[in-house]
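>>> The sequence and its predicted three-dimensional model are supplied below.
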Amino acid sequence: MKLGLQLGYWGAQPPTNHDELVQAAEAHGFDAIFTAEAWGSDAFTPLAWFGRETSRVKLGTSIVQMSGRTPTSIAMHVMTLDHLSKGRMILGMGVSGPQVVEGWYGQPFGKPLARTREVVEIIRKVLAREAPVTNDGPHYPLPFHGEGSVGLGKPLKPIVHPLRADVPIWLGAEGPKNVAQTAEIADGWIPIFYTPASAEMYQPWLDEGFARPGARHTRETFEIAATCHLEITDDPQPVVDFLKPVTALYMGGMGAKEQNFHKNVFDRMGYADLTGEVQRLFLSGQKDEAAALIPDELVHALHIIGDEEHVRAKIKEWEASGVTTLVLSCRSAEEIAHVSRVVLG
């Protein structure tokens, strides 16, 4: 099992201890650090900053929102950071949701599967640098000849020669079609709310993607980077209680009532009788009441919380379910050192 450090995105102010966390991850055998973005800080800039202070740990985005940049712009970020880090870049991307895509980026959210495929294809063309980049797809046509065009668009190859044509591309995906496409076109998958208990649900979707003509990987070479909260403690209940509001937020408040992809995941996991009431309470402002409905066993399924022996046993379960990297949020260098000792030995 490899470990990744999830730095996430900033809150109202920049975090004050991420330098310390990154140095600890580098020193204690973590495989990668990951940054995220929502509608505040971006995912690429912190990687450039921390890449300068490290030499071994990989630099990943978990995740970049596709609609925030054109595919060629994403590829430019990737080429630049891969060169500066001497080949440590991992590009993690996702479609986000309609509230962010249309409300923040001012882009249409429709046809996320087709848009994802085009984005990945264009980025791979840029990184291959075999010919001027063109795309006939409807979402990101290159050259552009639509309304407002002056008709002078020219296919271009990147000026920079990419360090690697095969920079890993991992995709965030939740639904059956999205997961299958990820297994077909990507190098890895960044699931949300993946658990050993729910792993069997995803296997047919993954197998469908691996079986498609031209699929890049088999199950043996495909990365699954699952996020969970891992805390080593002899008193797990306060941690479980702390995580219930976070679970309620995603189940009930991350997305519109009519379209909450995270709620759909919990529905598929067998919690449909619970999710509707959690969403109703959360969206009506009764957030504490929504959190109180989250059962302890769901939190324990989503996360790894307990003493050292319990954590080691759970790690084996996650690894047996197909997870290759656990992406963790840690609060201190001491916690990173302790987790590394217990998990990595």
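Everything's here; your move. Numbering: from 1, shown residues only.
>>> Mean pLDDT per helix and strand in the protein: which one sits at the bottom?
helix 261-266 (a mean of 83; mean pLDDT, DSSP states H and E).
>>> Can you list phi and psi of L59 for me?
Here is the backbone geometry of L59 (degrees, to the nearest 10): phi -120, psi 110.
>>> Next, the contact list for the closest residue to it other than its chain neighbours, please.
The shortest distance from L59 to any non-neighbouring residue, by Cβ to Cβ, 6 or more residues apart in numbering, is to L47 (4.4 Å). Just so you know, the C-beta spots here come from the backbone N, C-alpha and C atoms, and that holds for glycine as well. With contact set as Cβ atoms under 8 Å, 6 or more residues apart in numbering, L47 has these partners: 33, 35, 59-61, 81, 85, 89.
>>> okay, now the domains of the chain?
Using automatic domain parsing, the domain ranges for the chain come out as 2-230+308-343, 235-306.
>>> weakest of those in terms of mean pLDDT?
Ranked by mean pLDDT, the domains of the chain bottom out at domain 235-306, with a mean of 89.
>>> distance between it and the chain's centre?
Relative to its chain's centre, domain 235-306 lies at 19 Å (Cα atoms, centre = their mean, to the nearest Å).
>>> Endpoint to endpoint, that domain covers what distance?
From its first residue to its last, domain 235-306 covers 7 Å (Cα to Cα, to the nearest Å).
>>> what about the helices in the chain?
Counting by DSSP state H, the chain has helices at residues 18-27, 44-51, 71-84, 98-103, 112-128, 176-185, 199-210, 237-248, 261-266, 272-283, 287-292, 296-302, 308-320, 333-343.
>>> Return the alpha-carbon coordinates of the longest one using PDB.
This file holds the C-alpha atoms of helix 112-128, laid out as PDB (Å, rounded to 0.1, in the frame of the first residue of the first chain):
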ATOM      1  CA  PRO A 112     -19.800  15.200 -18.800                       C
ATOM      2  CA  LEU A 113     -18.700  11.800 -20.200                       C
ATOM      3  CA  ALA A 114     -18.100  13.100 -23.700                       C
ATOM      4  CA  ARG A 115     -16.300  16.200 -22.400                       C
ATOM      5  CA  THR A 116     -14.000  14.100 -20.200                       C
ATOM      6  CA  ARG A 117     -13.100  11.900 -23.100                       C
ATOM      7  CA  GLU A 118     -12.200  14.900 -25.300                       C
ATOM      8  CA  VAL A 119     -10.200  16.600 -22.500                       C
ATOM      9  CA  VAL A 120      -8.100  13.400 -22.000                       C
ATOM     10  CA  GLU A 121      -7.600  12.900 -25.700                       C
ATOM     11  CA  ILE A 122      -6.400  16.500 -26.200                       C
ATOM     12  CA  ILE A 123      -4.000  16.400 -23.300                       C
ATOM     13  CA  ARG A 124      -2.500  13.200 -24.500                       C
ATOM     14  CA  LYS A 125      -2.000  14.700 -28.000                       C
ATOM     15  CA  VAL A 126      -0.200  17.700 -26.400                       C
ATOM     16  CA  LEU A 127       2.000  15.500 -24.300                       C
ATOM     17  CA  ALA A 128       2.800  13.200 -27.200                       C
END
